[in-house]
Structures are given as C-alpha cells and as structure tokens.
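Novice: Please find the sequence and the predicted model below.
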Amino acid sequence: MKHSPRLWTVLSCSLLVASLGAGATACGGSDDNPLSARPYDAGDHVAFNQAAGGRPVDPNRPFEVTSKGTGSRITDVTVVDTQGRRLAGELSAKGDRWHSTAPMAAGVHYTATVSTEDEGGAPGQRTLTFDTTPAKKVLQVEFGPDAGKYGVGQPITAELNEPVHDKAARALVERGLVVDVPPDAEGAWHWVDDKHLHFRPKEYWPAHSTVSVRSNLEGVKVTDDLYGTASKPLKLEIGDRVEVTTDAASHYLTFKRNGEVINTIPVTTGKPGFSTRNGIKVVLGKQYYVQMRGDTVGIGGSEYYNLPVYYATRVTWSGEYVHAAPWSVDSQGYENVSHGCTGMSTANAAWFYENISEGDIVKVINSIGEDMDTFGNGYGDWNMDWKDWREGSALVGGTQEGRNAVDQARLRPQV
C-alpha cells in the first residue's frame, strides 16, 4: 500500500503523455488542412498597376495590387525599401484591391510581398521587386560642424541645397533629420531661414556624451518636384563642461570646468564705442597667430591698428577674440581699452588657449555693448529663450513642451 501513490503518479503521467501524443498525431497527420500546405505561386491571381516588364515605377502614382477574380483574395501586402521603410497602404474589405496611401520614395529599390488565399483557404504568395524612377530635383542635407570632439555648447547645423518654404514640407524635413541624443537631453530644430536649421538641447549637452545626426530623407517626397537624397551622417563627442564668464565691469574672467572654478584672470574688454557684445558665445576655433588690422573690421583713422596677436580664441565671425594683449597689461583688471576683444597677458592667454576647446561656452556680462546676435555672427543660439527656440520648429512649435509623440518620432535617445 505504501507504493500505491507512486504507481498512480507514474500511470497518470503515462496516460497524459499518451493522450498528448495522440493529440499531436491527430493535428499533424491530416493532409486536408489548407494551412498545412506551402503557399502556392499567386502570380496568376494578382496584377500590379505598375512595374510590368521590369520598367521603373513612377513614385508620384499610387502603387496598386488587384485580384484577377479567379476565386482568390488578397490577405496582406507589404512593400518595403532597402532601408526598411514600409510603404503605407490600404486593403479593401473584399480583399480584391490594395493601394498605397503614402508617396513612394524616388530612386530606391522596393520589394512587394502579396499574400493571397484561394476558395479553399489555401495560402498563396507573390513577390515582386522594382525600382522607382530617380528624382529630377533632389534635396541634400549637409550637417555641421565637422565630426570630432566639442564643448557642451556646440549646436548642430543642417544646410539644405534647396529652400523649403512650406510648413508641412519643413515638418517632413525635420522628421527625417534624426538626432541621437543622451536620454536626458530634450532638444529641437530651429529654422534659421529656408535653407538653414540649427539643433540644440534645452540645456547644454551633458558632458562626456555622444551626439549623432543622420538623414532619413533619401527618396522621400518633400514637395511636388523635390525629393530627398542621401546625406552624410555626423557624430560628435562632447567633452568637459567648460563655461567662461567675462565680467566687463569687474574686468575679470572666470574659468569653470565641470562646475568648478579653476582660474580667475584679469582682462580688459572693449572701450566705449567698441564695447564687447554681451551674451553667450560659442568658441568657433583657435589660432596661435593672427595678424589683426583695423581696416578688416571697418576701423580706421586714429583708432587704426595693425598688430601680431598670439593665442587667439575666436568667438564671433566679425572678429571678436580672446587673446594675448601684452600692450594692455597695465589696464587688465582695471579698465576696458580694447576694440572689442578680451585681452589678457601672454602667459594667461597661453593657459586659456590650452584649456579652451571649440564648442565651449564664453559668456560676457555687464558690458555697455550690444547683445550677441542669435544667428549670423557665430553661434549665439543659447541667447534665445527655450520657448522661442521651440517656436522655430515646424514640428513642435505651438505644442506643449516635453517629450511628446512628435519628439519621440524625431529623436532617438541612445540606450
């Protein structure tokens, strides 16, 4: 009697296995179920409105698949290009017609897979490959700056070879410019004009992060006669968070790295009539030696100068630098005597030159000069309020701030 429970367990399991085995045999042994057959060639059951004879397809015309009325019906259609982009379409309730509901890309290769079902329920399949005709007019995007390592203030730029005016077309362009950003960086594109866009996050880029941008516009119809084409992607490595603040009233420059003040330098800035611009500027580049002449920036007469300048860090295209100015050492820390640049001793300028990088932030406060331009004279992007910046986007302008569905479609956070 002690062994009865174990014997019952074994018998029960044996019966269960036998029962499952019988069930499996019953399901797998029938040749009558139409779903068990391999799909038949449905080439004689469907027709295409384009791509006959291997000719290129007109991307401006809808792509259509129809049943030939031989008792079969269409159950599914997928049309995918070489980039994995699926063409949107709609299947009729009767299964006798499928047609695209979005424009096809121009100058790309597609694979169309049509699934069918005959009167008895047997599955069929037809695969067709075709190319679309190339666009006569293309939109190309050139991203900037050059790939490399930059400071936390470096904006991404996109220059178009053709102007885009219409808001809907601009929104389409923005959707195709995919920015891979750190998960905690909210950003947006801003249209500077019809051919130029800038992208920046709400705050400076996180230090030691990676930012990349690519275009998904290849073959995409932007306007009636304009299609996107392939563009070179861009990847930036972000360095330390370097923030320089020049106080034109106290005549001192404060240099911070990753939130810590590491140097304070006496300086001189622009004198009355040549006052240094207030606001946030982004380092554009560095030159060990520059011959500076007054006439290149419209300064002549008694104010004319022609000087060799060393350790020059450029912050505007119009000629504003942070540089060595040994001729004004006695004024540095006390008064403003320059023609708009920020001058310091040669030793301090050499240190600054070695510790500053392209894309770092240089901010001027308490100057009696004008404000830094947002665009056109370097990167003044950070001087625009975030709300106003978002209004310059064709996608998120006028929407509530945050990572909404539109943001998610445009941004691809790194994981």
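Specialist: In hand now; what should we look at? All of these numbers come straight from a predicted model, not from anything done at the bench.
Novice: Just the element for the spatially most central residue of the chain, please.
Specialist: Geometric centre of the chain, nearest residue: Val179, 2.6 Å, by CA atoms, centre = their mean. In this assignment (DSSP states H and E), Val179 forms part of strand 177-180.
Novice: beta partners for the residue nearest to the centre of the chain?
Specialist: Val213, Leu411 (DSSP bridges).
Novice: quick one: pLDDT of it?
Specialist: Note on Val179: pLDDT of 96.
Novice: What of the one 4 residues further on?
Specialist: The predicted local distance difference test score for Pro183 is 83.
Novice: Point me to the helix or strand that includes it.
Specialist: In this structure, Pro183 sits in neither a helix nor a strand according to DSSP H and E.
Novice: Could you measure from it over to Leu217?
Specialist: Computed as CB to CB, to the nearest Å, the Pro183 to Leu217 distance reads 25 Å. Every residue, glycine included, has its C-beta placed from N, CA and C.
Novice: what do you get for Glu320?
Specialist: Taking CB to CB, one finds Glu320 at 36 Å from Leu217.
Novice: and what of Asp146?
Specialist: Relative to Leu217, and taking CB to CB, Asp146 is found at 21 Å.
Novice: So which of Pro183 and Leu217 has more stuff around it?
Specialist: Remark: of Pro183 and Leu217, Leu217 carries more neighbours, 25 against 12, as counted by other CB atoms under 10 Å.
Novice: give the contact list for the more buried one.
Specialist: Each residue near Leu217 by CB atoms under 8 Å, 6 or more residues apart in numbering is listed here: 139, 141, 173, 176-177, 228-229, 231.
Novice: Quick one: those residues as JSON lines, columns for distance to Thr210 too.
Specialist: Formatted as JSON lines, the contacts of Leu217 follow (distance: CB to CB, whole Å):
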{"residue": "Leu139", "distance to Thr210": "27"}
{"residue": "Val141", "distance to Thr210": "20"}
{"residue": "Val173", "distance to Thr210": "24"}
{"residue": "Gly176", "distance to Thr210": "21"}
{"residue": "Leu177", "distance to Thr210": "17"}
{"residue": "Gly228", "distance to Thr210": "25"}
{"residue": "Thr229", "distance to Thr210": "26"}
{"residue": "Ser231", "distance to Thr210": "19"}
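Novice: May I ask which two of those are separated the most?
Specialist: Leu177 and Thr229 (13.7 Å; CB to CB).
Novice: Which helix or strand in this structure has the lowest average pLDDT?
Specialist: None of the helices or strands of the chain scores lower by mean pLDDT, DSSP states H and E than helix 4-28, at a mean of 38.
Novice: Name the next helix or strand following it along the chain.
Specialist: strand 40-41.
Novice: returning to what we had before: so what's the gap between the strand holding Val179 and the chain middle?
Specialist: From the chain centre to the centre of strand 177-180 is a distance of 2 Å (CA atoms, centre = their mean, to the nearest Å).
Novice: before we move on, what about stretch 183-190?
Specialist: On CA atoms, centre = their mean, the centre of stretch 183-190 falls 10 Å from the chain's centre.
Novice: Excluding chain neighbours, give the residue nearest to Lys387 in space.
Specialist: Distances taken as CB to CB, 6 or more residues apart in numbering place Glu401 nearest to Lys387, at 7.4 Å, with adjacent residues excluded.
Novice: Now do the same for that neighbour: helix, strand or coil?
Specialist: Put simply, Glu401 is coil when judged by DSSP: H, G, I helix; E, B strand; the rest coil.
Novice: Now do the same contact list for the residue lying closest to Pro266 once chain neighbours are set aside.
Specialist: Using CB to CB, 6+ apart and skipping the chain neighbours, the partner closest in space to Pro266 is Gly333 (3.0 Å). Counting by CB under 8 Å, 6+ apart, Gly333 touches 251-252, 266-268.
Novice: could you pull out the strands for the stretch 101-250 of the chain?
Specialist: For the stretch 101-250 of the chain, the strands defined by DSSP state E, counting those that start in this stretch occupy 109-117, 123-131, 138-139, 141-144, 148-150, 156-160, 177-180, 187-193, 196-201, 210-215, 221-223, 226-228, 234-238, 242-247.
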